[in-house]
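Engineer: Predicted model and sequence follow; I will ask about them next.
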Amino acid sequence: MHTSQALRSSHFEYRRPGADGRVAFSAFCADYHDQDRVAVVSPCLEDGILHTAYALLALTTAFYDVQRANGGDFFIYPQHFAIIGEHPPGAVPARHPNSLDDKIGIATGAGPLDLTLDEAGIGGAWSWLDVWPASNWFTAPVTPVAMLRKAFDLHINRLFWPQDFIPRHQKDRNSVSEESPDTLLRSYARRMLRTRLKSVYYYNSHTPTVEILPAQPAVDLAQASMVRLPQAVRQSLETVSPLAETQRHQSFRQVAVDDFLADMEPCFES
């Protein structure tokens, strides 16, 4: 529970891009509740680490603010989840879908890697953002319908989704096999997602609506998280930009739930 000791709400500043002055936490996360179930969809293992670390740390700090306000000692973690891309689709062994003994083909920017669902495999970087324990790390085939299905199964309230991970064509619908793990979601899932989801954030967006500017303690934790990515992933990232050059802010496009579901329309049965 290192973030509960290291971070405070004053370590995060929220701004509207192009606007002067800061906005309140509520402008980023309206109607926050410490029981909110938050998920980051990360088609490649490192995507969510690189683009949502400050958002996760800010929400985790809000969670611990509630615990501190309640008084007394506590040992508890927020209900935050990582949904990470499998490679190839359906790579999780059917016998033990979350076994620490089984290696899983995970999609990364360095190519597919055989990793395990423990901190030495896919979880080390996520655990440093207090997405923990290992039961909060899930994998799904790298398709919008499969990863949206996992978010639906997890009863998610706040969802971080990559801006460019949108089903573009109304039918891929016809190409989805009934036996495939990418079988379309039933129409009732759309209605339930509309009820459950409180907010959706597109990350890595060219048209953001909110920025998070972290103080140094949050930057340090994000850096500590990134250096715990698998070595091959770190080396791949270093070819683009040294990991030490941690982003000084992260930006998100806040999307109305109905607009998100409209973007996801090809994922649902007619």
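Structural biologist: Structure received.
Engineer: How about the contacts made by the spatially most distant residue from the centre of the chain?
Structural biologist: Largest separation from the mean C-alpha position in the chain: residue 72, at 30.1 Å (Cα atoms, centre = their mean). Applying Cβ atoms under 8 Å, 6 or more residues apart in numbering, we find residue 72 in contact with no residue. In this view, the C-beta of every residue, glycine as well, is placed from N, C-alpha and C.
Engineer: Just say helix, strand or coil for it.
Structural biologist: Residue 72 carries the three-state label coil when classified by DSSP: H, G, I helix; E, B strand; the rest coil.
Engineer: Residue 236 contacts residue 50, correct?
Structural biologist: No: between residue 236 and residue 50 no contact is recorded; they are 11.5 Å apart, counting by Cβ atoms under 8 Å.
Engineer: just the helices in the stretch 1-150 of the chain please.
Structural biologist: Residue ranges of the helices in the stretch 1-150 of the chain, as given by DSSP state H, counting those that start in this stretch, are 2-6, 25-28, 47-70, 124-127, 144-153.
Engineer: mind listing what the residue nearest to the spatial centre of the chain touches?
Structural biologist: Per Cα atoms, centre = their mean, the C-alpha nearest to the average position across the chain is that of residue 40, at 1.3 Å. Remark: with contacts taken as Cβ under 8 Å, 6+ apart, residue 40 is in contact with 48, 52, 56, 80, 81, 82, 83, 131, 160.
Engineer: Any chance of a PyMOL selection covering the buried ones in those residues?
Structural biologist: For selection in PyMOL, the members of the contacts of residue 40 meeting the burial criterion (16 or more other Cβ atoms under 10 Å) are listed in this command:
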select buried, resi 48+52+56+80+81+82+83+131+160
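Engineer: Farthest-apart pair in the contacts of residue 40, please.
Structural biologist: Using Cβ to Cβ, the pair of the contacts of residue 40 lying farthest apart is 56 and 83, separated by 13.1 Å.
Engineer: Please save the CA atoms from stretch 128-148 in PDB.
Structural biologist: Below are the C-alpha coordinates for stretch 128-148, written out as PDB (Å, rounded to 0.1, in the frame of the first residue of the first chain):
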ATOM      1  CA  TRP A 128       3.300  -0.300  -8.400                       C
ATOM      2  CA  LEU A 129       0.200   1.600  -9.400                       C
ATOM      3  CA  ASP A 130      -1.800  -0.300  -6.700                       C
ATOM      4  CA  VAL A 131      -3.600  -2.400  -9.300                       C
ATOM      5  CA  TRP A 132      -3.300  -5.300  -7.000                       C
ATOM      6  CA  PRO A 133      -3.500  -8.200  -6.000                       C
ATOM      7  CA  ALA A 134      -3.000 -10.600  -9.000                       C
ATOM      8  CA  SER A 135      -6.700 -11.300  -9.100                       C
ATOM      9  CA  ASN A 136      -7.100  -7.800 -10.500                       C
ATOM     10  CA  TRP A 137      -5.100  -8.600 -13.600                       C
ATOM     11  CA  PHE A 138      -7.100 -10.100 -16.500                       C
ATOM     12  CA  THR A 139      -6.300 -10.900 -20.100                       C
ATOM     13  CA  ALA A 140      -8.500 -11.000 -23.200                       C
ATOM     14  CA  PRO A 141      -8.000 -11.300 -26.900                       C
ATOM     15  CA  VAL A 142      -6.800  -8.100 -28.500                       C
ATOM     16  CA  THR A 143     -10.100  -7.100 -30.100                       C
ATOM     17  CA  PRO A 144     -12.600  -4.400 -29.000                       C
ATOM     18  CA  VAL A 145     -15.400  -6.900 -28.500                       C
ATOM     19  CA  ALA A 146     -13.400  -9.300 -26.400                       C
ATOM     20  CA  MET A 147     -11.900  -6.600 -24.200                       C
ATOM     21  CA  LEU A 148     -15.300  -4.800 -23.800                       C
END
